[in-house]
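Q: Need a 3D model of the sequence below.
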Amino acid sequence: MNLIFCFVKTQTGHSTCFIADNLPNEGVVYAIDEWLESFEYKNTEAQGYNFVPMLYDKLLSNVIQRGLAKKIVPLRKDSILSCKRPFI
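A: Alright, predicted model coming up:
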């Protein structure tokens, strides 16, 4: 039996990787996020940092480093719209 898990607001994917690590071999996690500006990173640009473009890259890096590329499928979508209608 395939187990499908949807994780909304993935950001850099640490929790997503934890979930994927604990799924059966045939399990899949759909990581749903827009990877756009969020309140956590809103003031960092004024301090000389801009983390927003790096969020998606960091997710991919974390997934690859943990060897979970076959279990995590990133979907760049609005989280509310994704929950209202099928996305797969």
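Q: which residues of the protein score low on pLDDT?
A: Applying pLDDT under 70 to the chain picks out residues 1, 37-53, 84-88.
Q: residue ranges of the helices in it, please?
A: 14-21, 52-65, 79-84 (DSSP state H).
Q: Comparing those, which comes out most buried?
A: The densest packing among the helices of the chain, expressed as mean neighbour count by mean count of other Cβ atoms under 10 Å, is seen in helix 14-21 with a mean of 18. All C-beta atoms are positioned from the backbone trio N, CA, C, and that covers glycine.
Q: hmm, back to that, in JSON lines, list the helices of the chain along with distance to L36.
A: Shown next, in JSON lines, are those (distance: least, Cβ to Cβ, whole Å):
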{"stretch": "helix 14-21", "distance to L36": "17"}
{"stretch": "helix 52-65", "distance to L36": "7"}
{"stretch": "helix 79-84", "distance to L36": "11"}
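Q: Can you pull up the most central residue in this protein?
A: Relative to the mean C-alpha position of the chain, the nearest C-alpha, by Cα atoms, centre = their mean, is the one of T10, at 3.3 Å.
Q: so it touches Y56, yeah?
A: No - contact criterion Cβ atoms under 8 Å: T10 and Y56 do not qualify, at 9.2 Å.
Q: what's the overlap in contacts for these two?
A: Jointly contacting T10 and Y56 under the rule Cβ atoms under 8 Å, 6 or more residues apart in numbering are 33, 74.
Q: Lovely, talk soon.
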